[in-house]
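Peer 1: sequence plus predicted model, see below.
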Amino acid sequence: MDGTVELLCKIFLGLIGLCVGSFLNVLIYRLPLGINLASPPSHCPQCNAKIKWYDNIPLLSYLILGGKCRNCKKKIPFRYFAVELGNVLLWIAVLILFDLSVYAVVYALLASALLAIVFIDAEHGIIPDSLNLFIAGLGVVVTVYSIFYPEIAGMVGTYAVAWWEYLVGGAGAMLLYLAVYGLYKLIRKREGLGGGDIKLMGALGLVLGYRSVLLCIGLSAVLACIYLAVLAAKRKLKAEKPFAFGPFIAAAAYLCALFGNCLIGLYLGLF
Ligand SMILES: [Zn+2]
């Protein structure tokens, strides 16, 4: 592809990333509360005033309005700005690593779904089925695509992932989490993992393949342990409070989508 055309395509994708980030804010707020995503149109949660289109431009509107509602002047949570900025940065990293490819589109959409999961699970302690289904759908796309193009474009040291590796990843990760769930319940007589975590792992296995998802399982546990250790050190750890594991799975999954294949490829190249 022509260099200029390629750059324009990437800028265009970046702008879509901003709009998707804006939509994620709607999703994060409405999905757990069961509110329709399309109607009513965006309004201020404080004063209910309808938000005009020019006050709904990703990133810019928040900065221009100084993080306050135009009507009631109450503060708009910083989360709205952070999600929009976060989503576009996650997309830029994907575009840099995977260029313009089907894998780039799949991983960018995966990143957005994971970002929504981070905020919804942290606040409400649930992972909506619709997001897990969306990720599983991305997994089906990758699995079918890999039958024709198993080589993941972009990075050095990548290895080709066969279509069956995605299927093994989906089934394997879910069974592994189910086993952990069952064991924990048997020993501690209470639930350690949520049903949402188990479904999320199955969906991630399907989109990452079994090797990357194993890496993701390990990494998410390490990230969660570090977080719990920091909490314990600050004496802020409350045993009775349910612990949202979703954000750690999401962070690990994003890192594994970006670097898992490359790391595994380099590792396999050692032999
Ligand atoms: Zn307002």
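Peer 2: Now that the structure is in, tell me what you want to look at.
Peer 1: tell me the contacts of the closest residue in space to Gly67 that isn't next to it in sequence?
Peer 2: Among residues not flanking Gly67 along the chain, Ile76 sits closest, at 5.4 Å (Cβ to Cβ, 6 or more residues apart in numbering). Every C-beta, even on glycine, is put in place using the N, C-alpha and C of the backbone. For Ile76, the contacting residues are 44, 62, 65, 67-69, by Cβ atoms under 8 Å, 6 or more residues apart in numbering.
Peer 1: CSV for those residues, including secondary structure, neighbour count and pLDDT?
Peer 2: CSV is the format used below for these (DSSP: H, G, I helix; E, B strand; the rest coil; neighbours: other Cβ atoms under 10 Å; pLDDT from 0 to 100):
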residue, secondary structure, neighbour count, pLDDT
Cys44, coil, 17, 88
Tyr62, helix, 20, 94
Leu65, coil, 13, 93
Gly67, coil, 14, 93
Lys68, strand, 14, 94
Cys69, coil, 18, 94
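Peer 1: in a markdown table: those, plus distance to Gly86.
Peer 2: Output for those, formatted as a markdown table (distance: Cβ to Cβ, whole Å):
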| residue | distance to Gly86 |
| --- | --- |
| Cys44 | 22 |
| Tyr62 | 13 |
| Leu65 | 19 |
| Gly67 | 16 |
| Lys68 | 21 |
| Cys69 | 22 |
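Peer 1: nearest to Ser112 among these?
Peer 2: Tyr62 (18.5 Å; Cβ to Cβ).
Peer 1: was I right to think the closest one contacts Arg79?
Peer 2: No. If you go by Cβ atoms under 8 Å, Tyr62 and Arg79 don't touch, sitting 10.5 Å apart.
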